[in-house]
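Enquirer: with the input below, show me the fold.
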Amino acid sequence: MTICATKKPFFLAACIAWVACFGVDAAPTHTAPTPEGALQLQCGAPFRDNVVLQQKIKLPVWGECQPGARVTIRFEGQTKSTLADKDGVWRVTLDPMNAVKLKSVHDNPPGKTMTIACEKGEQKETKLIRNLLVGEVWLCAGQSNMAGRMGRAGSSRHFPPDSIDTADFPALRQMVSPKQEWLVCTPESAVWFKKVCFFFARRLQSEILVPVGIINAASGGSKIESWLNEIPGERGRHYDAMIAPLEGFGLRGALWYQGESNERDGRAYQPKLESLITGWRKAWGQGDFPVYFVQLPGIGKSSADNPAGGDGRAEIREAYAETLALLNTGMAVTIDIGDLKEHPPNKYDTGVRLACLALKHTYEIKDTALSPLYRKHKIEGPVVRIGFDHAEDGLMVARKEGFLPPKVTPGAQLQWLSVQSKDGIWHWAEGRIEGSQLLVSSKSVNDPVAVRYAYTQHPIGNLLYGKGGQPVGPFSTNGYGTKTVPENKK
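Expert: This is a model prediction of the structure:
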């Protein structure tokens with residue numbers, strides 16, 4: 001970037017920090033070459049050397065060439081043929097294939113070659129796509145917290161210290177949409193992998209032991225509107241640039257980490273997120289494929305004088321929780337790994353928690369721990385009994401430091417818990433754990449009507465966790481309460 005060539009040392013340092021944070025890519029990028037032959041045979045954006053193809057589903061392969069030319073694909077014993085239409089677009093669909101099982105995450109299975117031949121009259125052109133694997137493919141989209149790459153600068157705060165040096169995973173590949181090559185994960189290339197994607201894929205692969213491909217489509221500062229494909233008028237510009245070239249490429253599911261730029265939307269974020277999920281599923285035509293999203297972590301500092309909460313990101317977090325009503329969705333809770341600034345350094349736990357959602361719901365690995373989420377409550381006199389999903393092993397009060405599992409704090413009082421009395425006033429409350437339930441009460445309230453937990457910008461301290469080590473999601477038993485959507489917001 002020319003702007004980073006300034007001679008001012010402090011500005012240069014700022015530019016370097018910005019690159020490390022936002023994940024600007026300087027890795028070799030792929031630009032489709034100008035076709036040399038008269039038939040102008042080209043393949044769609046995802047079909048490059050080292051690609052991972054989704055197992056167990058029908059797989060569309062597409063591209064362009066001269067109108068009327070015959071295109072034939074040969075791959076793994078299959079031969080499929082079609083004619084390019086009047087616009088030169090061709091598309092064939094391969095039959096489902098199975099992934100090879102890995103002996104370990106360091107296994108290097110032999111790659112396959114796909115042959116694509118184009119013929120018209122006396123002319124013929126052929127392209128080869130080499131080192132293909134069949135496995136599991138996930139699309140990872142959002143804004144800067146999804147875009148940030150591994151790098152090395154400041155890595156001790158961002159992920160466990162051996163993460164890059166041990167990243168010898170030949171069957172783990174990444175593509176950054178729409179231009180970058182598929183990278184095979186090695187200790188040398190791992191610095192170019194996106195942090196959340198890397199830790200998601202690494203954990204996923206360690207459990208299912210098949211090749212894993214991740215496609216990153218993220219842009220710092222982007223709003224959700226720019227990613228929508230079903231809005232009045234033209235599609236969102238980021239959808240058009242980064243998602244549209246992938247439409248129909250075989251996926252197992254998608255991950256979404258965005259919302260910082262829409263924080264002030266509060267509850268109005270929910271219909272937008274729902275539109276994104278349903279719109280993308282419709283565009284892909286693969287049914288209701290899984291979509292797992294990150295509930296925003298904390299930022300800044302919360303006031304200890306506001307038991308009502310509802311400030312900062314409280315309402316947009318509730319919007320994420322309400323989106324769980326959609327089929328095949330899941331939410332990674334990150335309330336405990338926020339930071340004073342916009343980009344919390346710990347992306348390790350974010351990626352792992354997303355992977356846990358996929359392992360539990362998509363791959364049905366039943367002993368995977370998830371974040372307990374509010375399900376119901378019952379008022380018993382001055383006490384409110386709270387029930388949770390995913391809390392079968394019980395609850396605990398704990399603190400989390402860095403990448404270590406949360407540490408139980410025996411006898412510590414659970415913080416950021418409040419109850420509302422019939423007069424509408426909120427009061428700080430105490431919580432008592434009873435197995436998988438939480439009993440909430442306040443000495444100031446005899447007639448409670450609602451409970452809130454961590455329903456604030458950035459709750460820190462003694463928080464509530466499941467015994468499996470994942471944080472309980474923030475909740476408000478009366479939903480958003482009486483606060484309205486901010487005025488003058490589009």
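Enquirer: would you map out the domains in this protein?
Expert: 42-91+112-132, 133-362, 373-476 (automatic domain parsing).
Enquirer: adding mean neighbour count, write the ones you listed out as JSON lines.
Expert: Backbone N, C-alpha and C define where each C-beta goes, glycine included. Conversion of the domains of the chain to JSON lines gives the following (neighbours: other CB atoms under 10 Å):
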{"stretch": "domain 42-91+112-132", "mean neighbour count": "17"}
{"stretch": "domain 133-362", "mean neighbour count": "21"}
{"stretch": "domain 373-476", "mean neighbour count": "18"}
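Enquirer: dump the ones you listed to a markdown table, plus distance to residue 100 and mean pLDDT.
Expert: Output for the domains of the chain, formatted as a markdown table (distance: least, CB to CB, whole Å; pLDDT from 0 to 100):
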| stretch | distance to residue 100 | mean pLDDT |
| --- | --- | --- |
| domain 42-91+112-132 | 9 | 97 |
| domain 133-362 | 7 | 94 |
| domain 373-476 | 31 | 96 |
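Enquirer: let's have those domains in TSV, adding distance to residue 97.
Expert: Output for the domains of the chain, formatted as TSV (distance: least, CB to CB, whole Å):
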stretch	distance to residue 97
domain 42-91+112-132	6
domain 133-362	5
domain 373-476	34
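Enquirer: any idea which helix is longest in the protein?
Expert: Secondary structure assigned by DSSP state H gives helix 269-284 as the longest helix of the chain.
Enquirer: which neighbours does the next helix or strand after that one have in its sheet, and in what orientation?
Expert: Downstream of helix 269-284, the next assigned helix or strand under DSSP states H and E is strand 291-295. Take DSSP bridges as the rule and strand 291-295 pairs in its sheet with strand 253-257 (parallel), strand 329-333 (parallel).
Enquirer: which other residues reach the first one?
Expert: Spelled out, it's strand 253-257. Strand 253-257 has contacts (CB atoms under 8 Å, 6 or more residues apart in numbering) with 138-143, 145-146, 196-197, 200, 218, 273, 276-277, 280, 289-294, 328, 350, 354, 358, 362.
Enquirer: and if you look at stretch 263-272?
Expert: With CB under 8 Å, 6+ apart, stretch 263-272 has contacts from 224-225, 228, 259, 262, 296, 312-313, 315-316, 318-320, 322-323, 480, 483, 485-486, 489.
Enquirer: assign the nearest residue to residue 475 once chain neighbours are set aside to helix, strand or coil.
Expert: Closest residue in space to residue 475, ignoring its immediate chain neighbours: residue 374 at 3.6 Å, by CB to CB, 6 or more residues apart in numbering. Residue 374 falls in the strand class when you classify it by DSSP: H, G, I helix; E, B strand; the rest coil.
Enquirer: ok, now how distant is residue 374 from residue 385?
Expert: 12 Å (CB to CB, to the nearest Å).
Enquirer: remind me, longest strand of the protein?
Expert: Criterion DSSP state E: the longest strand present in the chain is strand 123-142.
Enquirer: and it, what other elements does it pack with?
Expert: Applying 3 or more CB pairs under 8 Å, 6 or more residues apart in numbering; DSSP states H and E, we find strand 123-142 packed against strand 52-54, strand 112-120, strand 169-176, helix 195-208, strand 212-218, strand 253-257.
Enquirer: so residue 164 is in which element?
Expert: Residue-wise, residue 164 maps onto no helix or strand under DSSP H and E.
Enquirer: ditto for residue 151
Expert: Going by DSSP H and E, residue 151 is not part of any helix or strand.
Enquirer: where's it relative to residue 174, distance?
Expert: Residue 151 is 14 Å from residue 174, by CB to CB.
Enquirer: please apply the same query to residue 68.
Expert: From residue 68 to residue 174 the distance is 37 Å (CB to CB).
Enquirer: got it, and residue 45?
Expert: 14 Å.
Enquirer: show me where this structure has helices.
Expert: Under DSSP H, the chain gives helices at 9-22, 144-147, 155-158, 195-208, 237-238, 269-284, 314-323, 348-357.
Enquirer: could you dump those helices into JSON lines and include distance to residue 308?
Expert: Putting those into JSON lines (distance: least, CB to CB, whole Å) gives the following:
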{"stretch": "helix 9-22", "distance to residue 308": "34"}
{"stretch": "helix 144-147", "distance to residue 308": "28"}
{"stretch": "helix 155-158", "distance to residue 308": "33"}
{"stretch": "helix 195-208", "distance to residue 308": "32"}
{"stretch": "helix 237-238", "distance to residue 308": "36"}
{"stretch": "helix 269-284", "distance to residue 308": "20"}
{"stretch": "helix 314-323", "distance to residue 308": "10"}
{"stretch": "helix 348-357", "distance to residue 308": "28"}
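Enquirer: and the ones you listed: which comes nearest residue 439?
Expert: With CB to CB as the criterion, residue 439 lies closest to helix 314-323 of those, at 21.7 Å.
Enquirer: any idea of the angle the closest one forms with strand 291-295?
Expert: 160 degrees (axes from the mean of the first three to the mean of the last three CA atoms, to 10 degrees).
Enquirer: other SSEs contacting helix 314-323?
Expert: Looks like helix 314-323 contacts helix 269-284, strand 291-295, strand 329-333, strand 475-476 (3+ CB pairs under 8 Å, 6+ apart).
Enquirer: can you redo these as a markdown table with distance to residue 103?
Expert: Shown next, in a markdown table, are these (distance: least, CB to CB, whole Å):
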| stretch | distance to residue 103 |
| --- | --- |
| helix 269-284 | 32 |
| strand 291-295 | 28 |
| strand 329-333 | 29 |
| strand 475-476 | 43 |
